[in-house]
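# need a structure here:
(one chain, ligands or ions: 2)
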Amino acid sequence: MKITSVESFILHVPVTGGGIADSTHNISHWGVVGAAIQVEGGLTGYGFTGTHAYLPGDQLITRCIDTCLAPLLLGQDARDITRLWQTIARNPALQWIGRAGISTLAHAAVDVALWDLKAKDAGQPLWKLLGGQVREKVRAYNTDIGWLSIADDALVAGAKSAVQQGFTGIKVKVGSTVERDLRRLTAVRHAIGPDITLAIDGNGKWDLATCQRFCAGAQGLDILWFEEPLWYDDVKGHAQLARSSSIPVALGEQLYTTDAFAEFFAQQAIHWVQPDVTRMAGLTEVLRVCDMANAFRLPVAPHAGDMSQVHVHLSYAHAACAVLEYIPWIQHCFTDPALVVDGYFRLPQLPGAGTTPTVDALARYRQPVA
Ligand code: 0YR
Ligand code: MG
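Ligands and ions are numbered 1, 2, ... in the order given. Now for the predicted structure:
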């Protein structure tokens, strides 16, 4: 499986309702920034990272793929996934300019493309290649009803309608004011009843004192987890919050390395583990985090199911995975989309990682790589 070409691409796909906001971001499009890797014989693997569709930034990632990573891959055997991961992640020149950041996002796209190739070559969906189905169903929780930009009435209506559609879990964004967020969550909990799981996501906005005040007020709401309550890299802050509140702490969507997760594990600063193959250096690195979570007896809830596609395969095949996020913005862009039926992710069917874009998506959403 000799690699004959590596080509980058950028897609900008509109999000729900023309635009959404969480506590820290306000976006209209999702960026699918990726690589198509072809091998002798013509088989092509696809992988991508996710961005907020900031074109100059996206073009730094594609330039990294084309000029830094492609030369390390051309002529190599695509089946040597771990060796190639090491070649890129431990390349002396590359690691000097970024052990995290653009280089990792570019690496994510490439690593996933190699997994896609390996599964296609085997004629199997990735979950099969990862060792097979360890659970019958992967439960989805709906984040798309819970944006901070959604007005109170619409939030409650959306939560109810998600439950009617079969979702057994939802997530609501917080990080405006403690009073407003508690009011919204109380209304939502009342509307959905006690049996639906309710998680919240602060996207790193508040400081420790605000989080503690919020958690004291949220005691009766049966919150499944408080996600990214504090700044993403703040290990000791999350450890303090985890000790001082009974609401479990979730995080990981903004962590780039296994080392970063290891520090949160060691300091008991995390309860729910949320790695992302589009943020870390691909599935190769996320598998290490999932294994580590397993050893610490912590559940994994990978970030954004349909927005990585790969997380659906991972969640079917890895023992540590418990539940998976649903944000349907880009699912229509793939040939084997990560669909949710009656609140559960459909088992992927086609050979590969589910990352092959449709011809239509490539034509409709494509942006210039430079
Ligand atoms: C929008 N999911 C998240 C989106 C979402 C973010 O910035 O990227 O809210 O990915 O936190 O858990
Ligand atoms: Mg989040």
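# if I've got this straight, residue 306 is in a helix?
No - Residue 306 sits outside any helix when classified using DSSP: H, G, I helix; E, B strand; the rest coil, being coil.
# and this protein, what are its domains?
Split into domains by automatic domain parsing, the chain comes to 3-124+358-367, 128-345.
# Show me which positions of stretch 18-32 end up buried.
Buried residues in stretch 18-32, counted by 16 or more other Cβ atoms under 10 Å: 20, 21, 22, 23, 27, 29, 30, 31, 32. For every residue, glycine as well, the C-beta is placed using N, CA and C.
# How about that stretch and ligand 2, touching?
No - using Cβ under 5 Å from the ion, stretch 18-32 stays clear of ligand 2, with a minimum separation of 7.5 Å.
# In a markdown table: the buried residues of stretch 18-32, plus pLDDT and secondary structure.
Shown next, in a markdown table, are the buried residues of stretch 18-32 (pLDDT from 0 to 100; DSSP: H, G, I helix; E, B strand; the rest coil):
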| residue | pLDDT | secondary structure |
| --- | --- | --- |
| 20 | 96 | strand |
| 21 | 97 | strand |
| 22 | 97 | coil |
| 23 | 97 | coil |
| 27 | 97 | strand |
| 29 | 98 | strand |
| 30 | 97 | strand |
| 31 | 98 | strand |
| 32 | 98 | strand |
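# As JSON lines, the domains of the chain with distance to residue 351 would be great.
JSON lines is the format used below for the domains of the chain (distance: least, Cβ to Cβ, whole Å):
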{"stretch": "domain 3-124+358-367", "distance to residue 351": "5"}
{"stretch": "domain 128-345", "distance to residue 351": "9"}
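# Closest one of the buried residues of stretch 18-32 to ligand 2?
The shortest gap between ligand 2 and any of the buried residues of stretch 18-32 belongs to residue 22, at 7.5 Å (Cβ to the ion).
# Could I get the contacting residues of that closest one?
For residue 22, the contact set (Cβ atoms under 8 Å, 6 or more residues apart in numbering) comprises 147, 148, 173, 175, 201, 203.
# contacts with ligand 2 among these, please.
Among those, proximity to ligand 2 is found for residue 201 (Cβ under 5 Å from the ion).
# Name the member of the contacts of residue 22 with the most neighbours.
Neighbour tally across the contacts of residue 22 (other Cβ atoms under 10 Å): the maximum, 27 neighbours, falls on residue 201.
# Let me see the confidence value for that residue.
On the pLDDT scale, residue 201 is placed at 98.
# try the one 4 residues further on
pLDDT for residue 205: 98.
# again, but for residue 307
On pLDDT, residue 307 comes in at 87.
# Count the neighbours of the residue nearest to residue 239 when sequence neighbours are not counted for me.
The shortest distance from residue 239 to any non-neighbouring residue, by Cβ to Cβ, 6 or more residues apart in numbering, is to residue 269 (3.9 Å). The local packing of residue 269 (other Cβ under 10 Å) involves 21 other residues.
# Distance from the chain centre to the longest helix anywhere in the chain, please.
As assigned by DSSP state H, the longest helix anywhere in the chain is helix 102-122. Centre-to-centre, helix 102-122 and its host chain are 15 Å apart (Cα atoms, centre = their mean, to the nearest Å).
# Kindly format the C-alpha coordinates of that helix as CSV.
Provided in CSV are the C-alpha atoms of helix 102-122 (Å, rounded to 0.1, in the frame of the first residue of the first chain):
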residue,chain,number,x,y,z
ILE,A,102,-1.8,23.4,13.8
SER,A,103,0.7,20.6,13.4
THR,A,104,-1.5,18.4,15.6
LEU,A,105,-4.7,19.2,13.6
ALA,A,106,-2.9,18.5,10.4
HIS,A,107,-1.6,15.2,11.9
ALA,A,108,-5.2,14.3,13.0
ALA,A,109,-6.4,14.5,9.4
VAL,A,110,-3.6,12.4,8.1
ASP,A,111,-3.7,9.7,10.8
VAL,A,112,-7.5,9.3,10.3
ALA,A,113,-7.0,9.0,6.5
LEU,A,114,-4.5,6.1,7.1
TRP,A,115,-7.1,4.3,9.4
ASP,A,116,-9.7,4.9,6.7
LEU,A,117,-7.4,3.3,4.1
LYS,A,118,-6.6,0.4,6.3
ALA,A,119,-10.3,-0.4,6.9
LYS,A,120,-11.2,0.0,3.2
ASP,A,121,-8.3,-2.3,2.3
ALA,A,122,-9.6,-4.9,4.7
